[in-house]
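Asker: Pasting the sequence and the predicted coordinates here, then a few questions.
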Amino acid sequence: MAIEWQKIQEKWQKKWQEAELGKAKVEKNKEKFMMIFAYPGISGYLHVGHMRGFSYTDAICRFKRLKGKEVLFPVGTHASGNQALGFANKVKNKDENWLTYLKNNGCSEEQIKELVKPEAVVDYFNHVYINDYWKKFGFLCDWDRFTCTTYPDYEKFIQWQFKKLQEKDLLIQKPYFATACINCGPVAVDPSETDISKGGNAEKQEYTLLKFKLGNDKNDFLVAATLRPETIYGQTNLWVNPEAEYVRVEVEGMNWILSREAADKLKYQKDDVLLKEDVDIKKLIGQTVIAPGIEREIIILPAKFCDPKVGSGIVTSVPSDAPYDYVALKVLQEDSETCKIFSLNQEEIKQIKLIPIIKSKGYGDFPAREIVQKMGINSLEDPKLEEATKEIYKSGFHTGIMMDTCGKYAGKKVEEAKELMKSELIEKGNADIFHDLTEEVICRCGGDVIIKRIDDQWFIRYSDPELTERSKEQAKEMKIYPPEYHDNMPSVLDWFGDRACARLGNWLGSKLPFDDKWTVEPISDSTLYPAYYIVSKFTKEGRLTTKDLTEEFFDYVFLSKGKGKDNWKEVKEEFDYFYPLNLNLGGKEHKTVHFPVFLMNHVAILPEDKWPQGIFVNWWVTGKGSKISKSKGGAVPIPEAIEKYGVDAMRLYYSHIGSPHIDVVWTEETVFNYKSTLERIYSVIEELLIPIIKDGKDGKKNLIDLWLISKINQHIKKINSDMQDYNLRELSTTVYFTIYDDLRWYLRRGGENKKVIKEFLKSWLTLMNPITPHLSEELNELLGEKDLISVSSWPDSDENKVSLKANAGEELIKDLIEGMRNVLKLAKLEKANTFTLFIAEPWLYELYNLISKEIKVTRNVGEIMRTVLDQEELKMKGKEVSKIVQSLIKDVSKIPSTVTSQEEEFNAVKEAKSFLEKEFSCKINIILAEESDNQKAKSAMPGKVGILVE
Ligand SMILES: [Zn+2]
């Protein structure tokens with residue numbers, strides 16, 4: 001009969017809910033464990049990939065709960081920013097794609113009508129995340145502490161946090177070039193793409209804007225944006241794109257000519273940019289300009305690679321060191337048609353010569369020409385040009401020396417000359433600064449993201465040396481996974497500079513307490529928040545109102561300052577009990593921003609004993625290619641996925657498919673395989689074990705019974721050690737595969753002891769609880785247990801139950817079966833009449849024991865026997881020992897490390913006799929080797945039974 005996962009899930013989730021398992025309170029006699037996952041942004045419906053890290057959190061918390069800890073696992077959502085605003089606008093504007101998306105995810109018509117207000121959008125998704133995702137996945141959260149960053153009480157907390165930062169002199173105002181949406185104002189551009197819908201990997205680029213005087217009387221300058229101001233001595237011409245639109249704008253009393261797109265961007269960075277008129281760029285082609293810094297006349301030439309969207313749409317050409325310029329020049333020199341169109345003298349253009357300017361390692365005078373020839377690049381469309389440009393830029397920057405052609409900069413390192421030349425050009429009025437993004441970035445509202453100057457931007461001063469040092473010290477002490485990230489953390493913190501923390505404009509979020517035209521931006525309001533889960537319970541229950549959340553209140557609870565009111569005492573007691581946070585889990589997109597600021601805000605504001613203890617970074621679930629795809633089932637709404645695969649199969653998939661610290665590819669087949677794994681386990685317990693428990697016998701324990709109990713105790717020991725580092729993958733390998741195999745072996749060997757099976761199952765089902773809690777409860781109930789296994793206790797490994805003798809016995813039998821199969825195969829027999837099995841001669845065991853004792857290590861016997869030859873002490877005992885060892889040396893590698901005595905091996909084989917007879921349907925004789933003259937008897941070794949077939 002098919003297992004009804006849906007029913008099982010609902011049944012247990014209801015019971016857990018009724019028993020309020022997630023509720024955490026101060027338990028003075030228990031140790032506590034507090035863990036969160038980085039609360040998700042309100043970014044629409046989530047997909048199966050998002051459930052990976054969330055599921056790890058629940059598994060780890062379940063493990064800790066079973067280990068006897070008082071576990072606090074709170075959840076919340078991050079709704080600040082403009083996502084909910086964007087969603088509400090789309091509903092208001094009846095955006096077809098958006099409405100379809102909502103309907104496909106099961107949002108009712110009624111509900112959709114409500115979603116025209118951002119607050120309604122936030123409430124709606126909060127409900128979806130809690131009820132359709134987290135509860136349905138069986139998480140045991142403390143739901144009473146749920147909070148959302150747009151709640152008024154949360155704002156009080158953030159305002160307190162910013163007051164503390166200001167007190168500590170960690171808040172400052174200074175001019176800033178911010179990434180901003182043209183509609184919404186400043187947005188964060190980072191890989192988490194909280195604010196934006198495209199371009200999370202874009203970086204801010206600072207261009208030097210060179211001014212080229214045009215030889216007319218209009219005070220006209222063509223402005224070219226460059227990242228390499230140090231190459232001005234190599235300029236041969238200027239490139240403009242004849243197909244792009246250019247305009248003349250007035251800036252600081254001069255006329256600048258640049259692309260229309262660049263002029264639009266410039267308005268956000270400079271005051272009083274006055275658009276005057278369009279410029280017909282074609283008419284300027286062939287004219288000359290004065291190149292700044294070198295005061296040389298150069299010609300304006302056409303080139304389609306000039307992108308009006310990048311920089312200023314005008315490029316100064318340095319063909320000696322810029323692969324694009326080199327190729328463009330070469331192409332034009334051969335292109336008589338283009339020359340004719342623009343009335344250019346082709347001969348004159350052919351005369352343009354490269355000027356050597358930089359000597360860098362591995363290159364001659366003209367690196368651009370060299371690399372273009374080496375890579376076989378012939379056209380501007382060749383994608384290899386990008387790579388060539390990067391390579392020349394890199395080698396020039398790191399190894400380049402300015403050549404004699406470069407005036408007073410000759411002999412200087414490029415690294416140095418670059419900055420010097422840039423500031424001199426700016427100082428003399430020959431250049432300016434222009435900021436741009438390396439790729440197109442689109443806001444969630446659909447608007448373009450540009451770079452905008454803000455004169456009085458608020459910053460959190462993360463560059464503070466003391467804060468950085470103290471945070472680095474703390475990071476060293478923390479448990480941070482993966483270890484590479486732990487190693488990296490000091491340099492991440494060193495690199496982390498001041499961060500703009502608030503923005504003007506229409507945003508959801510908390511207002512700055514002392515300047516309420518500013519809204520705290522989404523990264524900065526999600527740093528210290530785990531602490532707020534302590535307070536949120538009291539506001540939710542109505543025991544504290546938003547008004548009660550004064551500065552004195554937070555100072556008292558979090559900083560132990562002041563006397564506090566009576567009803568604050570309990571809050572403080574909870575905070576002191578549960579804090580610091582033991583583990584913060586989040587996706588890899590948080591490595592460079594969220595985790596560093598999470599740590600630094602704790603260090604900046606809270607006392608040292610409240611600083612975080614751990615960080616766990618999980619990687620992503622991706623589709624083939626990169627996106628989770630529909631065809632592989634990963635893009636189905638989570639409720640549908642739950643129905644299709646079952647929650648436990650998905651949880652096992654996340655835990656077992658790969659290390660948490662690598663991306664894994666979602667494929668439906670894999671998840672179905674895990675579902676089968678669980679169904680196999682269910683069946684073997686239901687069909688084979690439960691009947692034994694009901695009707696089986698207790699009887700005397702056989703060797704195989706001791707073995708099963710021995711094994712499970714060994715596994716528990718291993719899991720306990722693996723879980724010190726939250727190694728869920730090893731846990732799941734052991735629980736769902738190794739232990740299952742052990743059980744199959746036990747049953748095959750005729751194991752049927754009721755007591756043993758009960759003891760084994762009790763442990764096994766508990767070990768399953770962190771990853772597959774529903775299965776674990778269901779089977780526990782099948783066993784006749786009344787209590788919830790989710791709140792039972794984690795099994796201890798009992799050293800006394802680990803039987804090396806039983807383990808060695810079963811290893812011997814497994815090995816023996818393989819040996820018997822080989823013997824049959826070699827003898828080309830379908831079936832044997834009789835197997836005669838020889839147990840090695842006693843003196844070999846004595847030798848083995850002698851050697852083991854002398855060496856005093858328990859290594860592979862083969863290795864031991866080989867080492868023995870070098871032992872002076874043994875040599876002293878006479879040639880006898882070493883001679884014997886010598887004669888054995890060619891066979892010793894076959895001896896397994898788990899060897900006992902002749903008697904024990906004899907008994908183990910004897911006990912397995914009827915099992916072997918059944919396995920091979922034949923008669924079995926067991927003989928001590930010294931009692932036989934047969935040649936086979938001599939081949940028997942400790943741990944290696946001799947086999948004769950007839
Ligand atoms: Zn926008």
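Answerer: It's in. Residues are numbered from 1 along each chain as shown.

Asker: mind checking how far residue 218 is from residue 257?
Answerer: For residue 218, the distance to residue 257 (C-beta to C-beta, to the nearest Å) stands at 10 Å. (Each C-beta comes from the backbone N, C-alpha and C, glycine too.)

Asker: Enumerate the positions of stretch 241-249 that are buried.
Answerer: 241-242, 244, 246-249 (16 or more other C-beta atoms under 10 Å).

Asker: Oops, could you answer that again for stretch 933-942 instead?
Answerer: 936-937, 939-942.

Asker: Could I get the average pLDDT for it?
Answerer: Stretch 933-942 shows an average pLDDT of 86 in the prediction.

Asker: ok, back up a step: in TSV: the buried residues of stretch 241-249, plus secondary structure and pLDDT.
Answerer: Converted to TSV, the buried residues of stretch 241-249 look like this (DSSP: H, G, I helix; E, B strand; the rest coil; pLDDT from 0 to 100):
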residue	secondary structure	pLDDT
241	coil	97
242	coil	96
244	coil	96
246	strand	97
247	strand	97
248	strand	96
249	strand	96
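
Asker: In these, find the pair that's most separated.
Answerer: In those, two members sit farther apart than any others by C-beta to C-beta. They are 242 and 249, at 20.0 Å.

Asker: before we move on, the earlier item: please convert the buried residues of stretch 241-249 to TSV, extending it with distance to the ion.
Answerer: Below are the buried residues of stretch 241-249 laid out as TSV (distance: C-beta to the ion, whole Å):
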residue	distance to the ion
241	28
242	33
244	26
246	27
247	25
248	29
249	25
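
Asker: need those in CSV with distance to residue 577, can you?
Answerer: Converted to CSV, the buried residues of stretch 241-249 look like this (distance: C-beta to C-beta, whole Å):
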residue, distance to residue 577
241, 66
242, 72
244, 65
246, 67
247, 65
248, 68
249, 63
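
Asker: Nearest to residue 543 among these?
Answerer: For these, the nearest to residue 543 is residue 249 (60.5 Å; C-beta to C-beta).

Asker: looking at it, that closest one is touching residue 263, isn't it?
Answerer: Yes: contact criterion C-beta atoms under 8 Å: residue 249 and residue 263 qualify, at 5.1 Å.

Asker: Neighbour count: residue 218 and residue 257, which is higher?
Answerer: Between residue 218 and residue 257, counted using other C-beta atoms under 10 Å, the more crowded position is residue 257 (26 against 11).

Asker: Spatially nearest residue to that one (excluding sequence neighbours)?
Answerer: Nearest residue to residue 257, sequence neighbours excluded (C-beta to C-beta, 6 or more residues apart in numbering): residue 222, at 4.8 Å.

Asker: In the sheet, which residues pair with the one you found? Tell me.
Answerer: Bridge pairing for residue 222 (DSSP bridges) gives the partners residue 212, residue 257.

Asker: Which helix or strand contains the closest residue to residue 900 other than its chain neighbours?
Answerer: The shortest distance from residue 900 to any non-neighbouring residue, by C-beta to C-beta, 6+ apart, is to residue 808 (5.1 Å). For residue 808, the host element (DSSP states H and E) is helix 804-826.

Asker: Show me which residues of that helix are buried.
Answerer: Buried residues in helix 804-826, counting neighbours by 16+ other C-beta under 10 Å, are found at 805-813, 815-816, 819-820, 823-824.

Asker: ok, and what's touching stretch 4-17?
Answerer: Stretch 4-17 has contacts (C-beta atoms under 8 Å, 6 or more residues apart in numbering) with 22, 135-136, 138, 140, 642-643, 646-649, 773-775, 777-778, 788, 790.

Asker: and those, which are buried?
Answerer: Neighbour counting with 16+ other C-beta under 10 Å marks 22, 135-136, 138, 140, 642, 646-649, 773-775, 777-778, 788, 790 as buried within these.

Asker: Tell me which of these fall in helices.
Answerer: 642, 647-649, 773-775, 777-778 (DSSP state H).

Asker: re earlier: please save the CA atoms from the helix holding residue 808 in CSV.
Answerer: The C-alpha atoms that make up helix 804-826 are tabulated as CSV, following Å, rounded to 0.1, in the frame of the first residue of the first chain:
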residue,chain,number,x,y,z
LEU,A,804,34.5,-5.8,19.0
LYS,A,805,34.1,-9.5,19.2
ALA,A,806,30.7,-9.4,17.5
ASN,A,807,31.9,-6.9,14.9
ALA,A,808,34.9,-9.1,14.1
GLY,A,809,32.6,-12.1,13.9
GLU,A,810,30.3,-10.5,11.4
GLU,A,811,33.2,-9.1,9.3
LEU,A,812,34.5,-12.7,9.2
ILE,A,813,31.2,-14.0,8.0
LYS,A,814,30.7,-11.3,5.4
ASP,A,815,34.2,-11.9,4.1
LEU,A,816,33.6,-15.7,4.2
ILE,A,817,30.5,-15.4,2.0
GLU,A,818,32.4,-13.4,-0.5
GLY,A,819,35.2,-16.0,-0.4
MET,A,820,32.8,-18.9,-0.8
ARG,A,821,31.3,-17.2,-3.9
ASN,A,822,34.7,-16.7,-5.4
VAL,A,823,35.6,-20.3,-4.8
LEU,A,824,32.4,-21.5,-6.5
LYS,A,825,33.2,-19.2,-9.4
LEU,A,826,36.8,-20.5,-9.7
